[in-house]
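Chemist: Have a look at this prediction, sequence included:
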Amino acid sequence: MTEIRHDPVAPTRTQRLASGGAIDAHRHDDHQIVYAGRGVLAVTTHQGTWVAPATRAIWVPAGTAHAHRAYGDLELHLVGLPAGENPLGLDTPTVLAVGPLLRELIIAYTRPADLVGAPPGPRGDGGERARLRAVLLDRLRASPQQPLYLPTPTAPLLRAVHDILRADPGDDRTLAALGREVGASDRTLSRLFRRDLGMTFPQWRTQLRLHHALVLLAEGTPVTAVAHRCGWSSASAFIAVFRRAFGHTPGAHPGV
């Protein structure tokens, strides 16, 4: 993200991106809620990547440089909020659970102006839209935060491990075996994972695999093939991990 565009006002709107489509790195002076009503959305900052299917939204704080990427045909809903209005008190990008009511509120608030009766905008307005916005913010405050975050390593040794597993999430080698390839002991790598990324190697690898699984599901890959390509020993093992992370099975995955 070397060139970062400055768009002062975070828009409130609905737009569509074809699979593989992207919005280049940019930042707003406002906060923004980013939600994929269909497809899977990846938001990347210098800190890492957040991936969200239709059951999740991503909170992007004001001033955060970020880029979007679509997996599957993406229906993107954007809600801008003034920098002084932070219903969750969050200063880092965060994935939030989106239940049925919050989903409908986001979709309604970001509809085109001719369907809502007033132009959408990050500052809000009077009447019906103001009431809709108030309920939306209230539901946001009640949204559980989700640990669907894949931090980007900065230590050269971790970046080497990252590149190996990003190229093949199904690689099931131990940390010791990976360490032999990158020239470090498993003890050194374990220490780096905890110190630099705030998680253990197994935790990080599971996040990497779940992110890749979401992408494959959005592209229409069968569940059994996703399990194999992402390194799970069986489809049932994959389904169990997926259910714990997202609250439903991959076969019932909405929006993909």
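Modeler: It's in. Numbering: from 1, shown residues only.
Chemist: tell me which element R129 falls in.
Modeler: Per DSSP states H and E, R129 falls inside helix 127-141.
Chemist: Quick check: which helices or strands does the helix or strand just after that helix pack against?
Modeler: Next along the chain after helix 127-141, taking DSSP H and E as the criterion, comes strand 145-146. Applying 3 or more Cβ pairs under 8 Å, 6 or more residues apart in numbering; DSSP states H and E, we find strand 145-146 packed against strand 94-97. (C-beta placed from N, C-alpha, C; glycine too.)
Chemist: what's stretch 180-190 in contact with?
Modeler: L157, L158, A160, V161, I164, T174, L175, A176, L178, G179, T200, F201 (Cβ atoms under 8 Å, 6 or more residues apart in numbering).
Chemist: which among those residues gets closest to A225?
Modeler: Of all those, A225 sits closest to I164, with 21.3 Å by Cβ to Cβ.
Chemist: Surely the closest one touches G170?
Modeler: No - judged on Cβ atoms under 8 Å, I164 makes no contact with G170 at a distance of 11.5 Å.
Chemist: So which residues of the stretch 51-200 of the chain form helices?
Modeler: Assigned by DSSP state H, counting those that start in this stretch, the helices in the stretch 51-200 of the chain fall at 100-109, 113-116, 127-141, 156-167, 175-182, 186-192.
Chemist: For T64, which of those helices is the nearest?
Modeler: helix 127-141 (17.2 Å).
Chemist: May I see the helices of the stretch 51-200 of the chain organised as TSV, with mean pLDDT, distance to V223 and mean neighbour count added?
Modeler: Putting the helices of the stretch 51-200 of the chain into TSV (pLDDT from 0 to 100; distance: least, Cβ to Cβ, whole Å; neighbours: other Cβ atoms under 10 Å) gives the following:
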stretch	mean pLDDT	distance to V223	mean neighbour count
helix 100-109	93	23	17
helix 113-116	48	36	10
helix 127-141	87	31	15
helix 156-167	94	21	16
helix 175-182	95	27	16
helix 186-192	95	31	16
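Chemist: List the contacts of G80.
Modeler: The contact partners of G80, taken as Cβ under 8 Å, 6+ apart, are V9, A10, P11, T12, H28, D30, H31, Q32, G121, P122.
Chemist: run the last query once more with 7 Å
Modeler: Going by Cβ atoms under 7 Å, 6 or more residues apart in numbering, G80 touches V9, A10, P11, T12, H28, D30, Q32, P122.
Chemist: same question, I107
Modeler: I107 touches G37, H77, counting by Cβ under 7 Å, 6+ apart.
Chemist: Other residues contacting the helix or strand hosting S236?
Modeler: Secondary structure assignment for S236, by DSSP H and E: helix 235-246. Helix 235-246 is contacted from outside by T55, T206, L210, A213, V223, T224, V226, A227, C230, W232, T249, P250, using Cβ under 7 Å, 6+ apart.
Chemist: Need the max-distance pair from those residues.
Modeler: T55 and T224, at 21.9 Å, using Cβ to Cβ across the contacts of helix 235-246.
Chemist: of the two, who's got more company?
Modeler: It is T55, of T55 and T224, that has more neighbours when counted by other Cβ atoms under 10 Å, with 19 against 13.
Chemist: you'd agree that one is up against G99?
Modeler: No - contact criterion Cβ atoms under 7 Å: T55 and G99 do not qualify, at 8.2 Å.
Chemist: For D30, which residues are in contact?
Modeler: V9, A10, A62, G80, L81, P82, A83, P122.
Chemist: Leaving aside the residues adjacent along the chain, what's closest to it?
Modeler: A10 (3.8 Å; Cβ to Cβ, 6 or more residues apart in numbering).
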